[in-house]
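Participant: Next input, structure requested:
(one chain, ligands or ions: 3)
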Amino acid sequence: METVLEAATKEVNGTVAEKKPTVIFVLGGPGSGKGTQCANIVQHFGYTHLSAGDLLRAEIKSGSENGTMIQNMINEGKIVPSEVTIKLLQRAIAESGNDKFLIDGFPRNEENRAAFEDVTKIEPAFVLFFHCSEEEMERRLLSRNQGREDDNIETIRKRFKVFLESSLPVIEHYNSREKVRKIDAARPIEEVFESVKAVFTSKDEKAV
Ligand SMILES: Nc1ncnc2c1ncn2[C@@H]1O[C@H](COP(=O)(O)OP(=O)(O)OP(=O)(O)O)[C@@H](O)[C@H]1O
Ligand SMILES: Nc1ccn([C@H]2C[C@H](O)[C@@H](COP(=O)(O)O)O2)c(=O)n1
Ligand SMILES: [Mg+2]
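Facilitator: Ligands and ions are numbered 1, 2, ... in the order given. Next up, the predicted model:
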């Protein structure tokens, strides 16, 4: 079967026609509920969920030559170089067989954003931004119990700092292009999902 990336570039009457996948970036602070809401969106709307953090953790487990570097960056709450993360995303897109994706936790900084645009020429249909107070996010992360090494108070504080300094400017970039759909994520999971559904079923969202 033809993959999305193979289908992306086709010869039509001697000219190159591009068929790009639909991409929605899912952003928000650590513990704002991105993964939780993506699982709901997948069930209701048929997207493939690609979490950049999950792909990086799988890369560590695979014994890749980049594993130690990725592990050290994650433990410090830092952002892994775009080249590594984008390759993982491209591979996952190619292997999925789908043509619509929730890309969760990416782009995390300006370098991620510019490199993705440059390499893939893909613009997100929109950006879902889960907004939540640090106090609530910290509470959620400390009780997540999924065995994540970075869910300790020292690393959580570093991740909050990186979110404020490096990720918020990316959200501002897309906000100035009217691409951000901001969701109040401090409410119970079901209520948050009602707001998410309203975005996905809105007549104004042409690409969805
Ligand atoms: N609206 C909510 N209310 C209460 N708890 C929530 C809510 N959404 C998610 N949680 C819980 O908070 C924790 C973090 O959620 P989740 O893993 O979805 O966040 P995330 O944004 O993907 O975090 P990270 O950036 O660290 O990957 C999980 O234990 C999840 O069950
Ligand atoms: N674009 C990304 C996404 C994630 N990482 C690293 C750094 C994060 O602290 C960690 C965990 O991500 P999460 O699962 O919380 O979304 O993964 C990165 O370097 N670049
Ligand atoms: Mg997550």
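Participant: Tell me, what's the model's pLDDT at Glu65?
Facilitator: pLDDT, Glu65: 96.
Participant: Contacts only, for it.
Facilitator: Going by C-beta atoms under 8 Å, 6 or more residues apart in numbering, Glu65 touches no other residue. Where C-beta positions appear, they are placed from N, C-alpha and C, glycine not excepted.
Participant: what's the answer for the one 10 residues further on, then?
Facilitator: The contact partners of Asn75, by C-beta under 8 Å, 6+ apart, come to Glu149, Asp150, Thr155.
Participant: Which pLDDT does the model give the residue nearest to the second one when sequence neighbours are not counted?
Facilitator: Think Asp150. Leaving aside its sequence neighbours, Asp150 sits nearest to Ile74 (C-beta to C-beta, 6 or more residues apart in numbering; 5.5 Å). We have a pLDDT of 95 for Ile74.
Participant: Just want the phi and psi numbers for Ile74.
Facilitator: Per-residue torsions, Ile74: phi -60, psi -40 (degrees, to the nearest 10).
Participant: Contact residues of this structure facing ligand 3?
Facilitator: Lys34, Gly35 (C-beta under 5 Å from the ion).
Participant: Sort out which one of the contacts of Asn75 lies nearest Leu89 for me.
Facilitator: In terms of C-beta to C-beta, no member of the contacts of Asn75 lies closer to Leu89 than Asp150, at 19.8 Å.
Participant: which SS class is Arg108?
Facilitator: Of the three states, Arg108 takes coil under DSSP: H, G, I helix; E, B strand; the rest coil.
Participant: Start the count at 6 instead of 1 going forward.
Facilitator: I'll keep to 6 as the first residue from here, and by that count the last item is Arg113.
Participant: just checking, it touches Ile176?
Facilitator: No. Using C-beta atoms under 8 Å, Arg113 makes no contact with Ile176, being 10.6 Å away.
Participant: Which residue comes closest to the closest residue to ligand 2 within the chain once chain neighbours are left out?
Facilitator: Nearest residue of the chain to ligand 2: Gly58, at 2.0 Å (C-beta to the nearest ligand atom). The shortest distance from Gly58 to any non-neighbouring residue, by C-beta to C-beta, 6+ apart, is to Gly110 (4.9 Å).
Participant: can you pull the contacts of the one you found?
Facilitator: If you count contacts by C-beta under 8 Å, 6+ apart, then Gly110 has Val31, Leu32, Lys39, Ser56, Ala57, Gly58 around it.
Participant: So the residue of the chain closest to ligand 2: helix, strand or coil?
Facilitator: Of the three states, Gly58 takes helix under three-state DSSP.
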